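Undergrad: sharing a model prediction with you, sequence too.
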Amino acid sequence: MADDRITQRLAPKDQTLAEAYDVPANFLEIDVCSPETHGIANKRYTDYEVRLKTNLPIFRVQECSVRRRYSDFEWLRSELEKESKIIVPPLPGKALKRLLPFRGDDGIFEEGFIEERRQGIESFINKIAGHPLAQNEKCLHMFLTEPMIDKNYVPGKVRTH
């Protein structure tokens with residue numbers, strides 16, 4: 001018969017109330033929120049606020065907020081596919097049918113669609129940013145912390161000080 005010690009559960013470590021509710025040792029929170037639609041007619045677009053909160057030493061800042069369009073998320077996905085060794089998750093679809101003329105609704109500017117897309121890109125960015133290899137990529141840091149994305153940047157790894 002097998003040794004009972006092999007399948008024996010570890011005794012849980014006693015935890016104080018302060019430890020249970022203290023800031024976790026390492027955390028990374030990214031929220032995609034506050035969608036805003038800008039422009040008129042065929043020059044309209046929606047952007048989203050991307051908020052970063054972390055205590056991971058790989059990031060230069062612990063808190064910041066930038067605004068990003070869907071096309072910026074596409075750019076990040078493309079850069080990570082080219083430069084990193086990770087499998088990059090998909091983004092929510094382009095919703096081409098919603099771009100057709102003569103629709104009875106507001107297409108990609110409908111509140112329900114914008115919220116659905118927001119949830120999808122929030123899930124995408126959290127999966128990416130949570131990956132240890134992606135956290136070293138310059139493109140991710142620029143995406144999360146720089147007000148403007150420099151698409152002529154030199155790809156590479158981030159160095160911690």
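TA: On my side now, so go ahead. Fair warning: this is a prediction, and the values are worked out from it, not measured in the lab.

Undergrad: residue 125 reaches residue 30, doesn't it?
TA: Yes. Using Cβ atoms under 8 Å, residue 125 makes contact with residue 30 at a distance of 5.3 Å. From N, CA and C alone the C-beta is placed, and that goes for glycine too.

Undergrad: which residues does residue 157 contact?
TA: By Cβ atoms under 8 Å, 6 or more residues apart in numbering, the contact list for residue 157 reads 136-138.

Undergrad: what's across from it in the sheet?
TA: residue 137 (DSSP bridges).

Undergrad: hmm, back to that, and the contacts of residue 157 as JSON lines, adding distance to residue 110?
TA: Converted to JSON lines, the contacts of residue 157 look like this (distance: Cβ to Cβ, whole Å):
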{"residue": "136", "distance to residue 110": "38"}
{"residue": "137", "distance to residue 110": "33"}
{"residue": "138", "distance to residue 110": "35"}
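
Undergrad: any idea which of those residues is closest to residue 148?
TA: For the contacts of residue 157, the minimum distance to residue 148 (Cβ to Cβ) is 14.5 Å, reached by residue 138.

Undergrad: residues near the closest one, how many?
TA: 17 (other Cβ atoms under 10 Å).

Undergrad: where does it land on pLDDT?
TA: With respect to pLDDT, residue 138 scores 92.

Undergrad: kindly state the pLDDT recorded for the nearest residue to it once chain neighbours are set aside?
TA: In space, residue 138 comes closest to residue 156 once its chain neighbours are excluded; the distance is 5.2 Å by Cβ to Cβ, 6 or more residues apart in numbering. With respect to pLDDT, residue 156 scores 77.

Undergrad: what is the neighbour count of residue 156?
TA: 11.

Undergrad: my guess is it contacts residue 139. True?
TA: No. Under the criterion of Cβ under 8 Å, residue 156 makes no contact with residue 139, lying 9.1 Å away.
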